[in-house]
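> Structure for this input, please:
(one chain, ligands or ions: 1)
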Amino acid sequence: MSPYPALFSPLELNGLSLANRITMAPLFLGYAGSDGLVNPRLLEHYQAMGASGAAMVIVENASIDPRGQGSPFTMRIDEDRFVQGLARLAKAIQEGGAMAGLQINHAGRFAHGEGVPLAPSAVPLGKMVPEALTLEQIAGIVEAFAQAARRVRQAGFDLVELHGGTGYLLAQFLSPRTNRRDDEYGGSLENRLRFPLEVIAAVRQAVGPDYPVGYRFLADEWLPDGLQLAEAVQAAPRLAEAGLAYLSVMGGTYESFFLPERQEQEKQPGYMLSLAAAVKEAVSVPVISAGRMQDPALAEAAIKEGKADLVGLARVLLADPLWPSKAKEGRAEEIVPCEPTCNLCFSRVAKGQPIFCSQWPKEKREHFATRD
Ligand SMILES: Cc1cc2nc3c(=O)[nH]c(=O)nc-3n(C[C@H](O)[C@H](O)[C@H](O)COP(=O)(O)O)c2cc1C
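Model (predicted):
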């Protein structure tokens, strides 16, 4: 028996039978070319993630709209022609034994796509002033989410995840900092919830009642005038009850990640676990917690103590894709750790470069350092 019985216990997730409580949390790699298509390097990486022993792998954010693309190297899912490549990606993951999910996103004011970024309101980001969305544009984006979710299902993924984290568009609507609208989409929490709830409803309609829809949930922007946990725990059950399979909790946006106190906090084991635990108390759907769940004993305790139902490993699994099997076999001391002071992956993303991990052997680093 594994020394971590709770971590390796099964879970039924909206009809998906997960063999254990380990999920790969989405991690943008920058491996896609500027065509937004799935390529051999993406297939190779995700095949390894699917075979890692994690019960569920959520693929990094794919863009539902060229104007909402997170980076020029983000995978695209805004047209049917992207389905074929994505189907290969789903299959590569499933062949290794994991359930495959794809995260879909509109980056809003953080977009690096075509034209001036769109946002709920024209709240500046440095010198850039995004364009406030019209009601017609909002309706168009809701529909683009629905069409993208339909393509996720068509590609053979087991589930779709909506990216409501990292301060992207879904989170921008919920945030009192970035949503200053005075129409039915802004102001009260009820109004700020309108856009995410419309997206969930349209997605549910597009994929059918039985298909699992997960949600990356920003529970605290970690900014004085941003969305804070007290309000987030009121929003979470509203979203969950609209038909979600789970909430995958995170904190912070590009405007708070680099604050000195957050950089310090980010080095701590389980640094987002308290957010997940607070959300879990407010909802009845399963909750995922990511954030330096490096030690399997920490992951085990989080599940056993009811702070989270599943753990999400992003950089942790990137550093050592054998984390789940080493944990299962009681070889935790052999796990190659993600170094808290490193953050090479993040800095490469920031420079528009494909990522690799400083812990990888030289050959693997060189292989993934350049784009196809
Ligand atoms: C380079 C990088 C890219 C990321 N890309 C995504 C993403 O596409 N979608 C998402 O929801 N979270 C993304 N995240 C956040 C991770 O899923 C995760 O919440 C965070 O890194 C903490 O977990 P970890 O300590 O295991 O890395 C990213 C994080 C990093 C460092």
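> can you pull the buried residues of the helix or strand encompassing Ala278?
In this assignment (DSSP states H and E), Ala278 forms part of helix 273-282. By neighbour count with 16 or more other CB atoms under 10 Å, helix 273-282 contains the buried residues 273-280, 282. Backbone N, C-alpha and C define where each C-beta goes, glycine included.
> For these, could you give me a markdown table that also reports pLDDT and distance to the ligand?
Formatted as a markdown table, those follow (pLDDT from 0 to 100; distance: CB to the nearest ligand atom, whole Å):
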| residue | pLDDT | distance to the ligand |
| --- | --- | --- |
| Leu273 | 98 | 11 |
| Ser274 | 98 | 14 |
| Leu275 | 98 | 11 |
| Ala276 | 98 | 11 |
| Ala277 | 98 | 16 |
| Ala278 | 98 | 16 |
| Val279 | 98 | 14 |
| Lys280 | 98 | 16 |
| Ala282 | 98 | 20 |
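> measure Gln265 to the ligand for me?
12 Å (CB to the nearest ligand atom, to the nearest Å).
> check contacts around that residue.
Tyr271 (CB atoms under 8 Å, 6 or more residues apart in numbering).
> State the pLDDT value of it.
The model reports Gln265 with a pLDDT of 94.
> same deal with Asp372?
65.
> likewise His106?
pLDDT, His106: 98.
> any residues touching the helix holding Ala278, and which ones?
Residues contacting helix 273-282 (CB under 8 Å, 6+ apart): 217, 219-220, 229, 232-234, 236-237, 247, 249-251, 287-289, 291, 293, 302, 306-309.
> distance between it and the chain's centre?
With CA atoms, centre = their mean, to the nearest Å as the basis, helix 273-282 stands 17 Å off its chain's centre.
> so what strands line up beside whichever helix or strand comes after it?
Remark: after helix 273-282, the chain's next helix or strand is strand 287-289, criterion DSSP H and E. For strand 287-289, the paired strands and their directions (DSSP bridges) are strand 246-251 (parallel), strand 310-313 (parallel).
> So which residues on this structure come close to the ligand?
25-28, 60-61, 103, 163, 165-166, 216, 250, 290-292, 313-316, 345-346, 349, 355 (CB under 6 Å from any ligand atom).
> Could you check the angle the helix holding Ala278 makes with strand 246-251?
140 degrees (axes from the mean of the first three to the mean of the last three CA atoms, to 10 degrees).
> Only C-alpha atoms, please: export helix 273-282 in CSV.
Taking C-alpha atoms only, helix 273-282 is exported to CSV below (Å, rounded to 0.1, in the frame of the first residue of the first chain):
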residue,chain,number,x,y,z
LEU,A,273,-3.8,25.8,0.2
SER,A,274,-5.5,28.3,2.6
LEU,A,275,-7.4,29.8,-0.4
ALA,A,276,-8.5,26.3,-1.6
ALA,A,277,-9.7,25.4,1.9
ALA,A,278,-11.8,28.6,2.2
VAL,A,279,-13.4,28.0,-1.1
LYS,A,280,-14.0,24.3,-0.3
GLU,A,281,-16.0,25.3,2.8
ALA,A,282,-18.3,27.4,0.6
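> can you redo the strands paired with strand 287-289 as CSV with mean pLDDT?
Output for the strands paired with strand 287-289, formatted as CSV (pLDDT from 0 to 100):
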stretch, mean pLDDT
strand 246-251, 98
strand 310-313, 98
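> from the stretch 151-300 of the chain, which residue is nearest to the ligand?
Per CB to the nearest ligand atom, Ala290 is where the stretch 151-300 of the chain lies closest to the ligand, at 3.7 Å.
> Mind listing the residues bridging to the closest residue to that residue other than its chain neighbours?
Distance criterion CB to CB, 6 or more residues apart in numbering; nearest residue to Ala290, sequence neighbours excluded, is Gly312 at 3.3 Å. Beta bridges link Gly312 to Thr23, judged by DSSP bridges.
> Gly312 against Ala25, yeah?
Yes - here Gly312 lies in contact with Ala25, judged by CB atoms under 8 Å, at a distance of 3.3 Å.
> what residues do the two have in common as contacts?
Jointly contacting Gly312 and Ala25 under the rule CB under 8 Å, 6+ apart are 58, 248, 288, 290.
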